[in-house]
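J.: 3D model of this:
(one chain, ligands or ions: 1)
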Amino acid sequence: MDFSLGPRATRFRSEVKAFLAEHLTSETIARMHESGTFNDRDLNEALALAGLLEGAVPGYGDRDPIELYVLFNELEKAGAPYDGLAVSMLVAGVVNAVGTDFHRTEMLDKLLTGRFNCCLGYSEPDHGSDVASITTRAVRDGDGWVVNGQKMWTTMAHEADWVLLLTRTNPDVPRHHGLTMFVVPMDTPGIEIHPVPTMASERTNATFYDDVRVADEWRLGEVDGGWAVMGVALAFERGVMGGTNPAVPLLRHVRAWAETDGSDGSGRMVDDPLFRERVARTAIVNQVSQLLTLRAAWIAAEGGLPGLEGSMAKVFASEEYQRIVGWFQQMAGAEGLLGFHADGAAADGWIDYDARHAPVTTIYGGTSEINRNNIAERHLGLPRNR
Ligand SMILES: Cc1cc2nc3c(=O)[nH]c(=O)nc-3n(C[C@H](O)[C@H](O)[C@H](O)COP(=O)(O)OP(=O)(O)OC[C@H]3O[C@@H](n4cnc5c(N)ncnc54)[C@H](O)[C@@H]3O)c2cc1C
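T.: This next block holds a predicted model:
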């Protein structure tokens with residue numbers, strides 16, 4: 001089996017690497033961790049100007065999803081702020097797949113400049129995994145809609161220009177059949193954003209919709225057809241656009257730390273055989289994660305929707321990431337509990353950061369249990385969970 005990329009994707013990978021070597025600074029990375037907002041419009045714009053965003057939208061332009069995978073894989077491995085960009089490209093992909101000329105004119109070209117952002121408004125306080133049960137209402141009002149409700153975990157809402165908003169338009173039919181998707185400009189009167197800090201220092205938000213008036217032209221897909229739109233979005237979200245190689249930057253930081261002498265004169269961690277074995281295991285996990293992601297990207301490149309393969313890549317990579325950072329935190333002892341800027345922090349605080357960040361990765365974008373259900377039902381043919 002030949003796992004190598006074709007010539008175009010290989011060239012594209014070199015271009016992205018060269019771009020990151022020139023434009024991604026330690027200040028950009030530090031700023032993202034200090035602000036908790038994993039988005040940098042200047043970097044996004046520079047990517048666009050270098051021609052590297054062009055066609056990164058799934059199904060758009062002449063680039064294919066292998067290049068999309070390469071772009072986000074390189075951003076992730078370099079530790080760059082890419083979450084905001086990934087959501088924007090995902091929404092651009094959904095708009096491209098099911099949107100109207102109005103959506104394309106209003107949004108697509110802007111998103112490709114790197115200066116505009118989207119956020120995802122699916123989850124609610126009582127409905128995360130069970131997103132088909134959401135209760136945020138959109139009610140017809142003349143030739144528009146009025147939206148009322150609350151969303152939870154609307155990451156990037158405070159930076160976003162639009163929210164991809166899942167609403168209930170018909171409460172009297174089975175729950176999957178009464179949903180409608182909208183794109184709503186975030187400056188529409190009636191939208192309130194409240195910050196929610198997380199243990200990983202990443203900011204997310206609760207968002208409130210109080211008599212928000214939305215013109216019908218912002219509706220994405222059919223009335224009561226929101227579940228189908230959701231399916232397109234989820235297929236893009238899991239797998240291809242980052243989130244499946246988080247232990248790559250961790251390994252880089254841990255290896256650099258292990259080369260230094262311990263503060264208590266205990267020598268270098270890199271000379272410990274157990275440490276070396278764990279480094280080797282981490283490198284293997286990183287390689288397997290990359291190949292699982294590449295499989296999802298390849299399916300997308302063949303015109304398929306890699307929802308199942310994306311679930312496989314996400315479960316494997318996020319659970320291994322948690323396990324791996326646990327090893328290194330144990331080996332670092334108390335210094336592995338010290339954060340950025342603390343004197344004596346192991347790996348300059350990266351072990352502490354990754355240990356706080358890793359748990360989140362098995363929750364957002366669909367929990368491990370939900371992804372396992374997906375694999376069990378669609379791959380193993382087991383009975384439906386609900
Ligand atoms: C940092 C962060 C950022 C996020 N960003 C966004 C965002 O931008 N936009 C957005 O819309 N959402 C976002 N989310 C929400 C995320 O998608 C949900 O948290 C996730 O889907 C889980 O939903 P929940 O939190 O309501 O947990 P619940 O659904 O209440 O789940 C609780 C537990 O029960 C388990 N469980 C639930 N149902 C089943 C089942 N059928 N079978 C087996 N186990 C089950 C879950 O796996 C979990 O362990 C974010 C979440 C976090 C933590």
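
J.: How is residue 158 assigned, secondary-structure-wise?
T.: coil (DSSP: H, G, I helix; E, B strand; the rest coil).

J.: Give me the nearest residue to the spatially most central residue of the chain, chain neighbours excluded.
T.: Nearest residue to the geometric centre of the chain (CA atoms, centre = their mean): residue 83, 5.1 Å. The shortest distance from residue 83 to any non-neighbouring residue, by CB to CB, 6 or more residues apart in numbering, is to residue 38 (3.8 Å). Any C-beta I mention is one placed from the backbone N, CA and C, and that applies to glycine too.

J.: In contact with the one you found, which residues?
T.: 32, 81-84, 156, 202 (CB atoms under 8 Å, 6 or more residues apart in numbering).

J.: Name the nearest of the residues you listed relative to residue 208.
T.: When those are compared for distance to residue 208 (CB to CB), residue 156 wins out at 16.3 Å.

J.: wait, that closest one sits on residue 83?
T.: Yes. Assessed by CB atoms under 8 Å, residue 156 is found in contact with residue 83 at 6.9 Å.

J.: Overlap in contacts, these two.
T.: 38-39.

J.: residues contacting residue 186?
T.: Contacts of residue 186 (CB under 8 Å, 6+ apart): 119, 157, 160-163, 193.

J.: which one of those residues is nearest the ligand?
T.: residue 119 (5.8 Å; CB to the nearest ligand atom).

J.: Do you know the pLDDT at the closest one?
T.: In this model, residue 119 is scored at 97, pLDDT.

J.: Grab the nearest non-local neighbour of residue 351.
T.: Sequence neighbours aside, residue 336 is the residue nearest to residue 351 in space, at 4.5 Å (criterion: CB to CB, 6+ apart).

J.: Three-state assignment for residue 183, please.
T.: Under three-state DSSP, residue 183 falls in the strand class.

J.: I figured it was touching residue 98, is that so?
T.: No. If you go by CB under 8 Å, residue 183 and residue 98 don't touch, sitting 10.8 Å apart.

J.: so what's in contact with these two at the same time?
T.: Residues touching both residue 183 and residue 98 (CB under 8 Å, 6+ apart): residue 220.

J.: which of the two has more neighbours?
T.: Using other CB atoms under 10 Å as the criterion, residue 183 and residue 98 rank with residue 183 on top: 24 against 17.

J.: which residues does that one contact?
T.: Residues near residue 183 by CB under 8 Å, 6+ apart: 91, 95, 99, 103, 107, 118, 162-165, 218, 220.

J.: One more: residue 179?
T.: For residue 179, the contacting residues are 132, 134, 166-169, 224-227, 230, by CB under 8 Å, 6+ apart.

J.: and those residues as a markdown table, adding neighbour count?
T.: Converted to a markdown table, the contacts of residue 179 look like this (neighbours: other CB atoms under 10 Å):
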| residue | neighbour count |
| --- | --- |
| 132 | 19 |
| 134 | 25 |
| 166 | 27 |
| 167 | 27 |
| 168 | 20 |
| 169 | 22 |
| 224 | 16 |
| 225 | 17 |
| 226 | 28 |
| 227 | 18 |
| 230 | 20 |
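
J.: Point out the residues in this structure that sit beside the ligand.
T.: 119-123, 128-130, 153-155, 198, 202, 204, 360, 363-364, 366-367, 369-370, 373, 385-386 (CB under 6 Å from any ligand atom).

J.: From those residues, which land in helices?
T.: 360, 369-370, 373 (DSSP state H).

J.: What is the nearest of the residues you listed to the ligand?
T.: Using CB to the nearest ligand atom, the shortest approach to the ligand within those belongs to residue 369, at 3.3 Å.

J.: Let me see the contact set for that closest one.
T.: Per CB under 8 Å, 6+ apart, neighbours of residue 369: residue 129.

J.: if I look at it, how far off is residue 202?
T.: Computed as CB to CB, to the nearest Å, the residue 369 to residue 202 distance reads 22 Å.
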